[in-house]
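Student: no FASTA, just this:
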């Protein structure tokens, strides 16, 4: 359905509005019961929609729906007290692809919804809904995960429209039809409750929804607890939303399967939650369902909620939005098979620790006229996907611009007047071998290093390349100041090509030394990625190859060590007051346009006049 047709539907189907609103009314309540108390050891089964003024559940008491149903409680229209009881199914799971060799089979868990023990007062409605059991949305398990999670949602929509029996009317208000919801309001303070779930082949529009969620989600690979969850082949448009969440893995927007969501002119903000008392740490600990409740510490960051996620073959587009995560990440992709993340005219902010965006596996990320404000990474990249920063996108990062890890062979494009302002290196390659294309862009590394190919210090993401082990750094129509260095010379070449561009700095091999605690540890995660670099020659199988095309120029500011050099007339220069001295395999050569291979050393030496004085106007720029 086109956007125009959706609006026409909203304008003309007054009868549908009335019918749907009646269907979503809190239903026929059971005979009024003023108060209900459940003692320890007792189980109360809710078989129909039940209204109360007071509910008391003593620790050890259980309130749940009948078999085959889930239970949701609302108090004055607010979802409250939701919880799940995780149980051992008695089945086992084989080790996952992420488990080390020799890992034994693990237990399989299931879950049933219950109401947390406590004293509750107000307009209480207990609503049973048909049990909705779903496995995670990621393509393969990442640990000791449960077999199925019991989902509940305020509004359930599929290709037939709103499905009243799977929705919780007492938690929802707004102008709701089978095609759209205007001024939708859903507030949740319990755990594991979704706001709106789009399933099957739903086509739907949300206008000005306000979704406030506190309490925890659980499996954000599957969107368990997300405010908006888009699955199947659903196509959803959102306008003018305000989505605020505070909780562990309580994502604002999740899209998976082959779903599509387009979010326009909206404000998204996610905070943090309190981890369960039985949480054992690490990304996939045993006994807790295997969900990734915290960011993998091996990334060197902290947090327990990423604001948005794309998994599998999902597509998310954000237009004119503000997207903020307190920690972990603002725009995440995970386990993508053909995922797409399109972001236009947006502000992407992570406050304390984390990344702006992620490109995982087979995904396409596209950022057009956006602004990133992040503490650690503008983008983390793993897998063969492509990420583009264009149309004056600005990445302001306190540490790195883009970090590749896990042998990633993907591609990053920075063009259209985009700018990277980083406290450390702009492009950090951890045992990864991508292509970086920079065209008509500015890169401003705070430590003076534009690109560093390093031996990875990530203990859980080994080099998985198995193929091309070259990094291609192509610069065109730009003037860059900074160094390019390869300290991973046992595994890869760094190929630098300048076309109608100027690079002022060193391009060289070198050596690295890890800074801080090594081997890396969870308690010193802030050290991950931190290295000291020294420039020097290599006897390893790989090195650095530089091509300076006609019309381009490399201004060498520090002694550089290469394994191949090709340059045209005027393509190689020294700073004012200096000259270049070139040797190949220890033999001096004239600085003539040509192709040279071997152990190449380019030194920068002061020019001297009669009497021995130097013409060098000032010390060379520092690169550390």
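Tutor: Cool, got the structure. Quick caveat, the model's predicted, so the values are computed rather than measured. Numbers count the residues shown, from 1 in each chain.
Student: in the protein, what spans have low per-residue confidence?
Tutor: Per-residue confidence for the chain (pLDDT under 70) gives these ranges: 1-33, 96-99, 136-147, 278-291, 461-468, 609-624.
Student: let's see 80
Tutor: Along the chain, the parts satisfying pLDDT under 80 run over 1-33, 86-89, 93-100, 103, 106-110, 135-148, 219, 276-292, 460-468, 608-624.
Student: what's next to stretch 591-606, contact-wise?
Tutor: 537, 556-569, 571-572, 574-575, 577-586, 589, 614-616, 620 (CB atoms under 8 Å, 6 or more residues apart in numbering). C-beta: built from backbone N, CA, C; applies to glycine.
Student: and those residues, which are buried?
Tutor: Buried by 16 or more other CB atoms under 10 Å: 537, 556-567, 571-572, 574-575, 578-579, 582, 616, 620, out of the contacts of stretch 591-606.
Student: mind checking which of these land in strands?
Tutor: Mapping the buried ones among the contacts of stretch 591-606 onto strands (DSSP state E) picks out 560, 561, 562, 563, 564, 565, 566, 567, 572, 578, 579, 582.
Student: who's the third one bridged to?
Tutor: Put plainly, it is residue 562. residue 600 (DSSP bridges).
Student: that one touches residue 546, doesn't it?
Tutor: Yes. Under the criterion of CB atoms under 8 Å, residue 562 makes contact with residue 546 at 5.8 Å.
Student: all helices of the stretch 251-400 of the chain, in order?
Tutor: Taking DSSP state H, counting those that start in this stretch, the stretch 251-400 of the chain contains no helices at all.
Student: what of the stretch 1-150 of the chain?
Tutor: Using DSSP H, counting those that start in this stretch, the helices of the stretch 1-150 of the chain run over 3-12, 14-24.
Student: coming back round to it: and the ones in strands among the buried ones among the contacts of stretch 591-606, which is closest to residue 111?
Tutor: residue 563 (56.9 Å; CB to CB).
Student: now residue 243: closest residue in space that isn't a chain neighbour?
Tutor: Sequence neighbours aside, residue 252 is the residue nearest to residue 243 in space, at 4.3 Å (criterion: CB to CB, 6 or more residues apart in numbering).
Student: so that neighbour touches residue 226, yeah?
Tutor: Yes. Between residue 252 and residue 226 there is a contact under CB under 8 Å: 7.0 Å.
Student: could you break this structure into its assigned domains?
Tutor: 3-97+106-134, 376-624 (automatic domain parsing).
Student: need the winner for burial among the ones you listed.
Tutor: Highest mean neighbour count among the domains of the chain (mean count of other CB atoms under 10 Å): domain 376-624, with a mean of 19.
Student: follow-up on the earlier one: contact partners for the residue nearest to residue 243?
Tutor: So residue 252 contacts 211, 226, 227, 228, 243, 245, 268, 269, 270, 307, 308 (CB under 8 Å, 6+ apart).
Student: got it, and residue 569?
Tutor: So residue 569 contacts 550, 593 (CB under 8 Å, 6+ apart).
Student: mind checking how far it is from residue 503?
Tutor: 17 Å (CB to CB, to the nearest Å).
Student: repeat that for residue 436.
Tutor: Applying CB to CB, the value for residue 436 to residue 503 is 13 Å.
Student: what about the nearest residue to residue 426 once chain neighbours are set aside, which helix or strand?
Tutor: Distance criterion CB to CB, 6+ apart; nearest residue to residue 426, sequence neighbours excluded, is residue 401 at 4.2 Å. Using DSSP states H and E, residue 401 sits within strand 400-404.
Student: and the next helix or strand past that strand?
Tutor: The first helix or strand that comes after strand 400-404 along the chain, using DSSP H and E, is strand 411-415.
Student: thinking again about what came up before, the contacts of residue 252 in strands, which ones?
Tutor: Reading strands off those with DSSP E, I get 211, 228, 243, 245, 268, 269, 270, 307, 308.
Student: just the closest of those residues to residue 541, please.
Tutor: With CB to CB as the yardstick, the closest approach to residue 541 among the ones in strands among the contacts of residue 252 comes from residue 308, at 42.0 Å.
Student: what about the nearest residue to the closest one once chain neighbours are set aside, neighbour count?
Tutor: Once flanking residues are discounted, residue 308 sits nearest to residue 253: 4.5 Å by CB to CB, 6+ apart. When counting by other CB atoms under 10 Å, one arrives at 30 neighbours for residue 253.
Student: all strands for the stretch 451-600 of the chain, in order.
Tutor: Taking DSSP state E, counting those that start in this stretch as the test, the strands found in the stretch 451-600 of the chain are 470-476, 479-481, 483-486, 493-499, 502-504, 507-514, 531-535, 544-548, 553-555, 560-567, 572-573, 578-584, 587-589, 594-606.
Student: list the helices and strands the fifth one packs on?
Tutor: Strand 502-504 sits against strand 479-481, strand 553-555, with contacts defined as 3 or more CB pairs under 8 Å, 6 or more residues apart in numbering; DSSP states H and E.
Student: doesn't residue 427 make contact with the residue nearest to residue 426?
Tutor: Yes. Here residue 401 reaches residue 427: they are 6.2 Å apart, a contact under CB under 8 Å.
Student: and residue 170, that's in a strand?
Tutor: No. Using DSSP: H, G, I helix; E, B strand; the rest coil, the assignment for residue 170 is helix, not a strand.
Student: what about it, neighbour count?
Tutor: By other CB under 10 Å, neighbour count at residue 170 equals 27.
Student: is it correct that it is in contact with residue 124?
Tutor: No. The pair residue 170 / residue 124 is not scored as a contact, 9.2 Å apart, by CB under 8 Å.
Student: what do these two both touch?
Tutor: residue 74.
Student: find the centremost residue of the protein, please.
Tutor: Note on the chain: the residue nearest the mean C-alpha position is residue 332, at 2.2 Å, using CA atoms, centre = their mean.
Student: quick check: bridge partners of it?
Tutor: Note on residue 332: beta-bridge partners by DSSP bridges are residue 309.
Student: dump the residue contacts of it.
Tutor: 306, 307, 308, 309, 310, 357, 358, 360.
Student: likewise for residue 250?
Tutor: Counted by CB under 8 Å, 6+ apart, residue 250 has contacts 213, 214, 215, 216, 217, 225, 226, 227, 270, 273, 305.
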